[in-house]
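Novice: What follows is a predicted protein model with its sequence.
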Amino acid sequence: MTQGIEPKDTEHKNDPQTNVADNECLADNDNEHKDKQSNDESEDSHDQEDSDIQATENLEDEDFPEEFSDEDKESIKKVASDDNLSQAKSYASILVEQVIHAKETFDRSLGSLFTSAFTAGLEIGISFFMILAAFALLSGLLPSEYAIVLSSLLYPIGFIIVVIGQSLLFTEQTSLLSLPVLNKIEPLSKLLRLWGIVIAGNIIGGCIFAALMIGLGIKMQLFSAADVDTYAHHVLDYEWWIIFGSSTLAGWMMGVAAWLVTSARDTLSRIVLVALITGSIGFLGLHHSIVGNIEVFAALIYGSSVSLLSYLTFLLVVLVGNTVGGVVFVAVLKNRTFLFEIEKVKEQAADEKSNNIMRINARRP
């Protein structure tokens, strides 16, 4: 039986036409497999792109609040259309997306809002923990003012965690949450209540981080109580109006950061933008209410030169300054620019409608 099989196999192997056919079949199968793999990869890539593109590109009527008229909906759809991935998002697309996200935040439960804000307060403390450790290390090698500046370059760490993790941080959300109120979608009272919840969650989370983690760092000898005191006075030793002006600029920059994060199409770009903006805030020594809360509260607990009154006064001034910077210089101005653009589209639509009517009347006998 073996002898009967061998000639058949030999004949098959030695037949050039059979070998060519087999090779063509294998090549076809291989090409088919590669094409399928390529198609799968292309589909995955498109799915990823689709997941990164926000809902402003295919707005439907149900995406808008009921308060919007049909004319406003059509105008916003026109100015917010943004389907070219090779270009930056349009101005209107960014603002409409922020309004939609802000409206979603307004619709969240109070427990969800507080938990998210509390988490942000804890996470932002990581920045201060790293800064203190770096400051303690550098202060033995450099003058104190240089050590503070260099250690402040670690400022973005906590912000990156908060922004990419989508926790609720007051300064980042200040301008964003005011947009539905500016557009008369939500009442001011609801905005103030929401701000109160976010601020309370951020401050409580930050105070708990300061009480536990800063104490842990001191026990681990990563830094000392004197380092905590020194860094607190780095932000405290100014007149109140200087702190207010500094916090206003910081609030403005955080509002710009929220705007730029929305404009970015991928996570890496968002990380870079957050690092650049918040790193600049840290480098310049500007006053940020949530990080500043941890800085001064830690000195209140573990230091010896910060009083409760100075802590509360500082916190109040910085909160007001951050709010003014975020709302006035970002939300109000950018929203007003958007409204001007909407009015222009409405005028163009009205002119086009009028011209069409005139052409139709001219054709009538």
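Specialist: Arrived safely.

Novice: Which residue ranges of the stretch 201-350 of the chain form helices?
Specialist: Remark: helices assigned in the stretch 201-350 of the chain by DSSP state H, counting those that start in this stretch are 215-219, 225-236, 240-263, 267-284, 289-302, 308-326, 333-363.

Novice: So which of those helices is the most surrounded?
Specialist: Mean neighbour count, computed with mean count of other Cβ atoms under 10 Å, is highest for helix 289-302 among those, reaching a mean of 26. Placement of C-beta: from N, CA and C, glycine included.

Novice: Show the average pLDDT along it.
Specialist: Across helix 289-302, pLDDT averages out at 96.

Novice: That one vs helix 240-263, what angle?
Specialist: Put simply, helix 289-302 runs at 130 degrees to helix 240-263, going by axes from the mean of the first three to the mean of the last three Cα atoms, to 10 degrees.

Novice: Could you figure out how far helix 289-302 is turned away from helix 267-284?
Specialist: With the same axes, to 10 degrees as the basis, helix 289-302 and helix 267-284 are set at 50 degrees to each other.

Novice: Would you mind pulling up the elements that helix 289-302 packs against?
Specialist: Taking 3 or more Cβ pairs under 8 Å, 6 or more residues apart in numbering; DSSP states H and E as contact, the helices and strands that helix 289-302 lies on are helix 110-138, helix 170-182, helix 188-209, helix 215-219, helix 225-236, helix 308-326.

Novice: which stretch among these comes nearest residue 334?
Specialist: Between residue 334 and these, the tightest spacing by Cβ to Cβ is seen for helix 170-182, at 8.1 Å.

Novice: Tell me how far residue 208 lies from residue 319.
Specialist: 19 Å (Cβ to Cβ, to the nearest Å).

Novice: ignore the last one, residue 132
Specialist: Taking Cβ to Cβ as the measure, residue 132 falls 23 Å from residue 319.

Novice: re earlier: can you add distance to residue 100 and give the helices of the stretch 201-350 of the chain back as CSV?
Specialist: Below are those laid out as CSV (distance: least, Cβ to Cβ, whole Å):
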stretch, distance to residue 100
helix 215-219, 41
helix 225-236, 36
helix 240-263, 10
helix 267-284, 18
helix 289-302, 25
helix 308-326, 19
helix 333-363, 13
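
Novice: quick one: which of the ones you listed is nearest residue 196?
Specialist: With Cβ to Cβ as the criterion, residue 196 lies closest to helix 308-326 of these, at 10.9 Å.

Novice: got a list of what residue 231 touches?
Specialist: Residue 231 sits next to 131-132, 135, 148, 295, 299 when contact means Cβ atoms under 8 Å, 6 or more residues apart in numbering.

Novice: Would you mind listing the residues in contact with residue 162?
Specialist: By Cβ under 8 Å, 6+ apart, residue 162 lies in contact with 120, 123-124, 169, 172.

Novice: Go through these and say which is closest to residue 332.
Specialist: Using Cβ to Cβ, residue 172 comes nearest to residue 332 of the contacts of residue 162, at 17.0 Å.

Novice: ok, now how distant is the closest one from residue 301?
Specialist: For residue 172, the distance to residue 301 - Cβ to Cβ - is 26 Å.

Novice: same thing with residue 135?
Specialist: Computed as Cβ to Cβ, the residue 135 to residue 301 distance reads 18 Å.

Novice: Residue 157 too?
Specialist: For residue 157, the distance to residue 301 (Cβ to Cβ) stands at 22 Å.

Novice: next one: residue 237
Specialist: 19 Å.

Novice: With residue 322 instead?
Specialist: 23 Å.

Novice: try residue 209
Specialist: Distance from residue 209 to residue 301, by Cβ to Cβ: 11 Å.

Novice: swap in residue 329?
Specialist: For residue 329, the distance to residue 301 equals 34 Å [Cβ to Cβ].

Novice: now swap in residue 194 and tell me
Specialist: Distance from residue 194 to residue 301, by Cβ to Cβ: 29 Å.

Novice: Now do stretch 263-271, average pLDDT.
Specialist: Mean predicted confidence for stretch 263-271 is 87.

Novice: Do me a favour and get the end-to-end distance for that stretch?
Specialist: 12 Å (Cα to Cα, to the nearest Å).

Novice: Wait, residue 285 touches residue 233, no?
Specialist: No - with contacts counted by Cβ atoms under 8 Å, residue 285 stays clear of residue 233, the gap being 11.8 Å.

Novice: Not counting its neighbours along the chain, what's nearest residue 203?
Specialist: Leaving aside its sequence neighbours, residue 203 sits nearest to residue 293 (Cβ to Cβ, 6 or more residues apart in numbering; 5.4 Å).

Novice: Pretty sure that neighbour sits against residue 206.
Specialist: Yes - between residue 293 and residue 206 there is a contact at 4.8 Å, judged by Cβ under 8 Å.

Novice: Quick check: residue 257 vs residue 109, distance?
Specialist: Distance, residue 257 to residue 109, using Cβ to Cβ: 27 Å.

Novice: All set, thanks.
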